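# Compute the structure for the input listed below.
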Amino acid sequence: MRVRFQTFISSWSSWDELFAQAATFATEVGPHRLINISHSCDQKQGVVTVWYWGEDEEEAPKADELTQSATEEGARPEDWRTE
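Have a look, this model is predicted:
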């Protein structure tokens, strides 16, 4: 088994719509596979993420094999705020 996620992102939909979409997906996943549901808001864009256990035939990558380019210095978007 492997941790999987499904994100629901919108600048136009209401939070109720985003949460309803996530809840529908989480219901399909089932309570035994559901890990968590998280949400965030950045620059008026809502994000809801459903974390769940998924079956995967391919082997999961090792942590030391993953790149961290999104967090490395210089890899930040131009509009990155450090305030």
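
# Would you mind stating the distance between residue 21 and residue 47?
12 Å (Cβ to Cβ, to the nearest Å). Backbone N, C-alpha and C define where each C-beta goes, glycine included.

# Give me the common contacts of these two.
In terms of Cβ atoms under 8 Å, 6 or more residues apart in numbering, residue 21 and residue 47 are both contacted by the residues residue 8.

# What segments of this structure are helices?
Shown for the chain, the helices assigned by DSSP state H span residues 15-29.

# who touches the nearest residue to residue 6 once chain neighbours are set aside in this structure?
Nearest-residue entry for residue 6: residue 50, 4.9 Å, with adjacent residues in sequence omitted and distances by Cβ to Cβ, 6 or more residues apart in numbering. By Cβ under 8 Å, 6+ apart, residue 50 lies in contact with 5-8, 22, 25-26, 29, 34, 36-37.

# Which of these sits closest to residue 56?
residue 5 (12.7 Å; Cβ to Cβ).

# hey, C-alpha coordinates of stretch 36-49 in PDB?
What follows is stretch 36-49, C-alpha atoms only, in PDB (Å, rounded to 0.1, in the frame of the first residue of the first chain):
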ATOM      1  CA  ASN A  36      -7.100  12.600   6.500                       C
ATOM      2  CA  ILE A  37      -8.600  15.600   4.700                       C
ATOM      3  CA  SER A  38      -6.700  18.900   4.800                       C
ATOM      4  CA  HIS A  39      -7.300  22.400   3.400                       C
ATOM      5  CA  SER A  40      -5.500  25.600   2.800                       C
ATOM      6  CA  CYS A  41      -6.000  28.900   1.100                       C
ATOM      7  CA  ASP A  42      -3.400  30.900  -0.800                       C
ATOM      8  CA  GLN A  43      -3.900  34.000  -2.800                       C
ATOM      9  CA  LYS A  44      -7.700  33.500  -2.900                       C
ATOM     10  CA  GLN A  45      -7.300  29.900  -4.100                       C
ATOM     11  CA  GLY A  46      -8.900  27.200  -2.000                       C
ATOM     12  CA  VAL A  47      -7.300  23.700  -1.900                       C
ATOM     13  CA  VAL A  48      -8.800  20.600  -0.200                       C
ATOM     14  CA  THR A  49      -6.700  17.500  -0.200                       C
END
